[in-house]
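>>> need a structure here:
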Amino acid sequence: MTSQLNVDAIVDKAGSGGTNVKIGNTSTYVSDGGNVTQNTVQGLAKAWSNNNMQGTPAFNDSFNFSSITDTATGRQKNTFSNNMTNDDYAGGGIAPVASTGTAYSSSMMTEQQTTSFFSFMSVYVGGSVQTIHDFPNVGLIIQGDLA
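As a prediction, this is how the structure comes out:
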């Protein structure tokens, strides 16, 4: 027989507000349409960052990355704080470019990914010209399984 707990709020023992809730890696949630369940833990981003590649590389903000190494112009290596299970995770991102009246774009390409780091190259595309470029705001997201 399964049990069900129905509550309006979960708070700490003192009743003063929030509390820590731990969920197992087999926890599921019901889809928006109510027909499918998904694994909660597998659906979470395992690492993300917004990097400044100009000058000395730095995180504008980040989660589960401990350091950045500038390997060359437009190239960075981000080291995980907590390693991934394997190197089959998905990593991607964007280096946004804005310019008044002119359409430009950018792309980010994976150079190497291991269980302990993710390295990439960022490319600036303007018309027929493509150059490897250091951007001030590079967004990176990693999805996969933590070790």
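
>>> please make it C-alpha for all contacts and neighbour counts, starting now.
Fine.

>>> list the beta-bridge partners for N52.
A58 (DSSP bridges).

>>> check contacts around it.
A58, F59, N60, D134, F135, P136, N137, V138 (C-alpha atoms under 8 Å, 6 or more residues apart in numbering).

>>> can you check V36 too?
Counted by C-alpha under 8 Å, 6+ apart, V36 has contacts V30.

>>> now do the phi/psi pair for it.
Backbone torsions of V36, given as degrees, to the nearest 10, read phi -130, psi 140.

>>> returning to that earlier point: Produce a PyMOL select command limited to the buried residues of the contacts of N52.
Buried residues among the contacts of N52 (16 or more other C-alpha atoms under 10 Å), as a PyMOL selection:
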select buried, resi 58+59+134+135+136+137+138
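
>>> in strands only, show me the contacts of N52.
Among those, the members falling in strands (DSSP state E) are A58, F59, N60, V138.

>>> reformat the residues you listed as TSV; add pLDDT and distance to S27.
Putting the ones in strands among the contacts of N52 into TSV (pLDDT from 0 to 100; distance: C-alpha to C-alpha, whole Å) gives the following:
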residue	pLDDT	distance to S27
A58	94	35
F59	95	31
N60	94	32
V138	89	32
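
>>> TSV for the residues you listed, including distance to G33?
Formatted as TSV, the ones in strands among the contacts of N52 follow (distance: C-alpha to C-alpha, whole Å):
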residue	distance to G33
A58	41
F59	37
N60	36
V138	34
